[in-house]
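Enquirer: here is a sequence with its predicted model. Questions after.
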Amino acid sequence: MADESRKWVLMVTAQTPTNIAVIKYWGKRDEKLILPVNDSISVTLDPAHLCTTTTVSVSPTFDQDRMWLNGEEISISGGRFQSCLREIRSRATDVDDKEKGIKITKKDWENLHVHISSYNNFPTAAGLASSAAGFACLVFALGKLMNVKEDYSQLSAIARQGSGSACRSLYGGFVKWIMGKDEKGTDSLAVQVADEKHWDELVIVIAVVSSRQKETSSTTGMRDTVETSLLLQHRAKEIVPKRILKMEEAIKNRDFASFAQLTCTDSNQFHADLCFRIISLVEKWNKAEGTPQVAYTFDAGPNAVLIARNRKTAALLVQKLLFCFPPNSDADLNSFVLGDKSILKDAGVESPEDIETLPPPPEIKDPSQKFRGDVSYFICTRPGRGPVVLSDESHLLNPETGLPKPTQMAVWIMLLG
Ligand SMILES: Nc1ncnc2c1ncn2[C@@H]1O[C@H](COP(=O)(O)OP(=O)(O)OP(=O)(O)O)[C@@H](O)[C@H]1O
Ligand SMILES: C[C@@](O)(CCOP(=O)(O)OP(=O)(O)O)CC(=O)O
């Protein structure tokens, strides 16, 4: 007869944001522990528009750790997943769920296996920091399930071992990853510089150039530069420490001119043609106004992240971007501008026809030259909150079997087309 007492499944679902660095992490001093060569600072993006949702579950009936990402089972035998699982398991404590009558002791966790199901509400591995939101969510959710008592900064040091930038997704608002000195990485962790309410005027517009898989991942990209570049060593030792101090000041004082100047200067990894067009548009506009209106920043891929000082400038920015990078003629506006669509209204654009009648931005040399279809879509968002636990209705795994819910599979299939 089946042992009824072994039949329980316990689960937790959490949601975690992505982040975009304004002072970049680029280069590691330890590849395995993921220790950086400099501090970095990021803005957490509103999870309403870009986030990861992860359900983690445990049951004595599970015979191995398993994970599904966007509905597909993936291998978690790689070092990064294993480091996160090992580190979080070693900090598990007793769980006593009186409602469900489930007791798990610290010792039990060593032998129990987990099932994980995760879903990104934006394209994975397309330069939109899915690894950041993904590993932060994994560690955060497992921490809740296993009753881990460590604070968010200590959890961030575990998420860091999944993907460096993930440590910054443990907090909302503006976040600093302190590089630390310890060889084991215990002091390489994230702290909050200011919460998301501190500077809530900012609007962030992301131009997603291509949702194809990236050609070079950040991991290999930065490995190549560390090996070849003396400039990188100079950047890490001399340039970034000063920039970090100035950026913290700029954030604390909501000083957009300094924030924009520092963000744009630090974003030096752009290489695609389209990036130069966006940079030139923003720089000419900022110059004409005499004070920065918009900051730009690029990661390893060509997607542009544009931070506007307030909603009014964001509406103007959207007008200029839509003029220069209109959608293909068959596109509908709803799938061309995602996220906070109210900015479109402010920009006076309610239909694809409105895009065609926008005035040419004065920054553009030749107004007849448009780059139709070069931007796949735009996402309008803002600084956002940190991780949260979601209610039981949000579980991605079946509470009885611990396997992905079929309904969820259907949603993924629909979303992924
Ligand atoms: N929800 C998730 N949960 C756990 N791991 C994830 C999740 N989403 C992505 N990942 C991991 O991150 C990898 C993708 O990371 P990669 O750095 O290539 O792209 P990205 O993070 O989207 O882009 P970038 O880091 O340049 O912004 C996936 O192969 C997977 O290992
Ligand atoms: C350009 C960046 O986005 C680099 C991010 O690199 P990852 O965190 O994706 O790299 P790994 O630590 O190897 O997983 C800049 C940044 O986010 O600071």
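Expert: Yep, that arrived. Numbers count the residues shown, from 1 in each chain. Ligands and ions are numbered 1, 2, ... in the order given.
Enquirer: close to ligand 2: what parts of the stretch 1-150 of the chain are there?
Expert: Within the stretch 1-150 of the chain, the positions lying close to ligand 2 (C-beta under 6 Å from any ligand atom) are 21, 24, 25, 26, 34, 40, 131. Bear in mind the C-beta positions are built from the backbone N, C-alpha and C, glycine included.
Enquirer: from those, which land in helices?
Expert: Those of those mapping onto helices are residue 131, per DSSP state H.
Enquirer: can you add neighbour count, distance to residue 336 and pLDDT and give the residues of the stretch 1-150 of the chain next to ligand 2 back as a markdown table?
Expert: Listed next are those as a markdown table, based on neighbours: other C-beta atoms under 10 Å; distance: C-beta to C-beta, whole Å; pLDDT from 0 to 100:
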| residue | neighbour count | distance to residue 336 | pLDDT |
| --- | --- | --- | --- |
| 21 | 24 | 26 | 96 |
| 24 | 27 | 28 | 94 |
| 25 | 25 | 31 | 95 |
| 26 | 26 | 31 | 89 |
| 34 | 25 | 36 | 98 |
| 40 | 27 | 31 | 98 |
| 131 | 23 | 26 | 95 |
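Enquirer: so which of the residues of the stretch 1-150 of the chain next to ligand 2 is the closest to ligand 1?
Expert: If you rank those by distance to ligand 1 using C-beta to the nearest ligand atom, residue 131 comes first, at 3.2 Å.
Enquirer: quickly find the element holding residue 80.
Expert: Residue 80 belongs to helix 79-89 when elements are defined using DSSP states H and E.
Enquirer: what residues does the stretch 251-400 of the chain have near ligand 1?
Expert: 299, 300, 301.
Enquirer: same for ligand 1: which of the residues of the stretch 1-150 of the chain next to ligand 2 are within range?
Expert: Restricting these to those near ligand 1 by C-beta under 6 Å from any ligand atom leaves residue 131.
Enquirer: skipping its backbone neighbours, what lies nearest the residue of the stretch 101-250 of the chain found nearest ligand 1 in space?
Expert: Per C-beta to the nearest ligand atom, residue 134 is where the stretch 101-250 of the chain lies closest to ligand 1, at 2.3 Å. Closest residue to residue 134 apart from its sequence neighbours, by C-beta to C-beta, 6 or more residues apart in numbering: residue 52 at 5.1 Å.
Enquirer: and the contacts of stretch 255-268?
Expert: Counting contacts by C-beta atoms under 8 Å, 6 or more residues apart in numbering, the residues outside stretch 255-268 that touch it are 22-24, 240, 243, 246-247, 249-251, 279, 282-283, 286, 291-298, 307, 309.
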